Structures are given as C-alpha cells and as structure tokens.
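1. sharing a model that was predicted from the sequence below.
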Amino acid sequence: MSLGAHLIELRRRLFIAAGALVVAMIIAFLVTEPIIELLSVPIRTIAEEAGREYTGLNFTTVTSGFDLRMRIAFAIGFLLSAPVWLWQAWAFVMPGLTKKETQYTWGFLGAAIPLFFGGCTVAFFVLPHVIEIMAGFVPTGMAQFFDYATYYDFVFKFLLVLGIAFVLPVFLVALNLAGVISGKEILKGWRVAVLVCTIFAAVTTPPADVFSMLLLMGSMIVLYFAATLISMLFDRRKRKLEQAAGIEPLSA
C-alpha cells in the first residue's frame, strides 16, 4: 500500500475506534449512579465510624455532578470499547508482522489483559483501607470534605498504577523472547526486584496499612518469579531446538 492508502486506512480505523468509544460512553453514562455509590462506600464508612456528620463528596460548581459522571463514563467506556479499538490497532499493524510475531502478540495480549484487570481488582480491595487509614489522621470531631475531582483522580490513578504494575512481568518475558535478557539473568536480579516491589508497595500504600502493603508486595513478587520461571522454560526450549538443529548455543 502507498503512504496515502495507509493514511486512509488509519483514518477509517480511527473513526471506527472513536465510534465504539462514544457508544460505550453512552452506555456507561447510564450506570454511573451505582458506580458513584460504590466509590462513596469508604466515605460513608468514615462518616459513620468517626461520627463526622458532614463528611462526604463535595461538589462545588453547577456542573460538578455532570463532570464526574462524564469522567466515569469515559473511563468505563474506554474499557468497554477496548476489544474494538484494540482490534482496529491490531488489524492495522498485523499485515506487517510475521506469523511468529503475530502469535507472540496474541500471547502477550492474552496475558497482559487479565493481569491488568487483576491488578485493578487488588487495588479495588485495597483502596477502602487506604482511604480510611488516611482519613484517620483528621482530628476527631472535624468535618472532612472530599473534592469530587481530586477523589476521583486518586481512585483512577491508584487503579491504573496497580494495573500497570501487574503487567510489568509480561514485558520481562517479552525481553526474554526478544533475546535481550535470559531467564538466569532475570533470576540474578531477584534481590533488586524484591527491593523495588517493596519500595513500590510502601510508596503506593499508607505507612500505617501494613496489610495492604504486604498484599501488593507479595502479589508483585509472585508475578516476578512467575515471569522468571516462564523465561527459563523458554530458554530451555530454545536450547533444545538449537541442539536439534546442530547449532552450538552461545551460553549454557
């Protein structure tokens, strides 16, 4: 295809992806009410347990309620339309990939997507503890107002960061398959990996919430060693194929 044909194809696929996003956002907008109720559970718990009568989400402008619903609708719509825009992106680049690269890409997507949502699920269960513990530092008898935009951004970023953190082991396996790093080399860095996981968990969770920190740290360490094991199995398979082909491996 010529450059012009590529640009026309890209425009067509972008329109399809954008259309799917708009439709998904409309659907998501209709269910924002129960989602807001769900996100507000930690705030209501704080109000009941601490006896703060005026604790709650704070909407300071005329359009605040609509703005919050649009933010939620976009996030959910983006996820709901993911199969469509992922397929459009995939279909655009697929003709330029080899058969093996296509198989690897499907494998990475098949592993990365569940891990991302797994990380978001862990974050969702940890999040209420984080909010409640941080609210515990507010003096007794004081009202605590949560600005809707700040609160939503905190929740969204918390879910996003932990979701991405759970996907990082997939990139280790990708580097291994690309021949950049071996499984043994990944294993050699286990001390650094454990330290990084510990620091990351300590930074993303409140200092007083040891349970959330251990849960996050343990999950990331398990995923790291799982990626190491998979990489070593790939290395072993690669060595066997090289021996069968009469090729002397570069490293044992």
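-> Right, received. Where do you want to start? Owing to the predicted nature of the structure, the values given are computational and were not obtained by experimental measurement.

2. so for stretch 73-81, mean pLDDT?
-> For stretch 73-81, mean pLDDT rounds to 88.

3. ok, stretch 139-146 next?
-> 74.

4. pull the distance from it to the chain's centre.
-> Using C-alpha atoms, centre = their mean, to the nearest Å, the distance from the centre of stretch 139-146 to the centre of the chain it belongs to is 32 Å.

5. tell me which residues of it come out buried.
-> Neighbour-count burial for stretch 139-146 flags Gln144, Phe146 (criterion: 16 or more other C-beta atoms under 10 Å). (C-beta placed from N, C-alpha, C; glycine too.)

6. for that stretch, how far is the first residue from the last?
-> Terminal residues of stretch 139-146 lie 15 Å apart, using C-alpha to C-alpha, to the nearest Å.

7. do stretch 174-182 as well
-> 11 Å.

8. now do stretch 24-33
-> Stretch 24-33: ends 16 Å apart by C-alpha to C-alpha.

9. buried residues of it, list them for me.
-> For stretch 24-33, by 16+ other C-beta under 10 Å, it's Ala24, Met25, Ala28, Phe29, Thr32.

10. same question for stretch 184-196.
-> Under the neighbour-count criterion of 16+ other C-beta under 10 Å, stretch 184-196 has Ile186, Ala193 buried.

11. and it, how far from the chain's centre?
-> 22 Å.

12. quick check: mean pLDDT of it?
-> 88.

13. residues in contact with that stretch?
-> Stretch 184-196 is contacted from outside by Leu172, Asn176, Ile221, Tyr224, Phe225, Ala227, Thr228, Ser231, Met232, Asp235, using C-beta atoms under 8 Å, 6 or more residues apart in numbering.

14. excluding chain neighbours, what is closest to the second one?
-> Among residues not flanking Asn176 along the chain, Ser231 sits closest, at 3.9 Å (C-beta to C-beta, 6 or more residues apart in numbering).

15. also the third one?
-> Taking C-beta to C-beta, 6+ apart as the measure, Ile221 lies nearest to Cys197, with 5.1 Å between them; neighbours along the chain are not counted.

16. look up how far Arg239 lies from that neighbour.
-> Remark: distance between Cys197 and Arg239 (C-beta to C-beta, to the nearest Å) = 29 Å.

17. then Ala82?
-> 37 Å.

18. so Phe146 belongs to a strand, correct?
-> Yes: assessed with DSSP: H, G, I helix; E, B strand; the rest coil, Phe146 lies in a strand.

19. what residues does the closest residue to it other than its chain neighbours make contact with?
-> Closest residue in space to Phe146, ignoring its immediate chain neighbours: Leu57 at 5.3 Å, by C-beta to C-beta, 6+ apart. Contact analysis of Leu57 by C-beta under 8 Å, 6+ apart lists Ile36, Ser40, Ile43, Phe145, Phe146, Asp147, Tyr148, Tyr151.

20. widest-spaced pair of these?
-> Pairwise distances among the contacts of Leu57 were taken by C-beta to C-beta; the largest, 16.0 Å, belongs to Ile36 and Phe145.
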